[in-house]
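Asker: sequence first, then the predicted structure, then my questions.
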Amino acid sequence: MTKEQFLIAMRSLAASVSVISARDATGKTYAMTASSVTSLSIDPPAILVCVNKEASIHDTLVKDVSLCINILQKNQQEIANLCSSKDLESQRFENDFWDISDTPFLKNAQASIFCKIDQTVPYHSHTIVLAKALKAESKGEFNTLMYADGGYLN
């Protein structure tokens, strides 16, 4: 199989859009858009996130670091675009979307899952981050931003 064949096939896989956020040991905040977020287990509650090794947040995501999985609402495409653009990286937290008093999280996300990293597994161009979910907050009605075939779904 070629890389192109794989990419074309994967465009058929719809996924919710999340922003992963964390703070490093110096207090610097990071955020990245991700569609590769999966529940791992219910006992204990755990989540799996795949992070490209080139992402600025990558080196921050080590064992025992706290992070938040912010599952976006349909009206939060602007945040998804902001957190996926290298050119806009310095502007990710220059708005009122965030609570950065502790582990940074989006104040109006569809759901926020606060986690502590348990393990990381390098795999070629990415690292698989395995994290225990410690706390979760959700909006009542399902209104999750979805992505497939190279764009956001309505």
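Answerer: Sure thing, it's come through.

Asker: which strands and helices sit next to the helix or strand where Lys116 lies?
Answerer: Assigned by DSSP states H and E, Lys116 belongs to strand 111-123. Judged by 3 or more C-beta pairs under 8 Å, 6 or more residues apart in numbering; DSSP states H and E, the packing partners of strand 111-123 are strand 45-52, strand 66-71, strand 105-106, strand 126-138. All C-beta spots, glycine's among them, are computed from the backbone N, C-alpha and C.

Asker: which helix in this structure has the most residues?
Answerer: Taking DSSP state H as the criterion, the chain has its longest helix at helix 3-10.

Asker: for it, buried residues please.
Answerer: Within helix 3-10, not a single residue qualifies as buried, counting by 16 or more other C-beta atoms under 10 Å.

Asker: same check, this time on stretch 29-49
Answerer: Quick answer for stretch 29-49 (16+ other C-beta under 10 Å): 29-35, 37, 40, 45-47, 49.

Asker: what about that stretch, average pLDDT?
Answerer: Mean per-residue pLDDT for stretch 29-49: 97.

Asker: what is the nearest of the buried residues of stretch 29-49 to Ala9?
Answerer: Closest approach between these and Ala9, by C-beta to C-beta: Ser35, at 14.9 Å.

Asker: Ala15 is in contact with that closest one, correct?
Answerer: Yes: Ser35 sits in contact with Ala15 when judged by C-beta atoms under 8 Å, with a separation of 4.0 Å.

Asker: shared neighbours of those two, which are they?
Answerer: Tyr147 (C-beta atoms under 8 Å, 6 or more residues apart in numbering).

Asker: gap between Gln77 and Ala34?
Answerer: Per C-beta to C-beta, to the nearest Å, Gln77 is found 15 Å from Ala34.

Asker: quick one: residues in contact with the helix or strand just after the longest helix of the chain.
Answerer: Next along the chain after helix 3-10, taking DSSP H and E as the criterion, comes strand 15-16. The contact list for strand 15-16 (C-beta under 8 Å, 6+ apart) reads 35-37, 71-72, 144-148.
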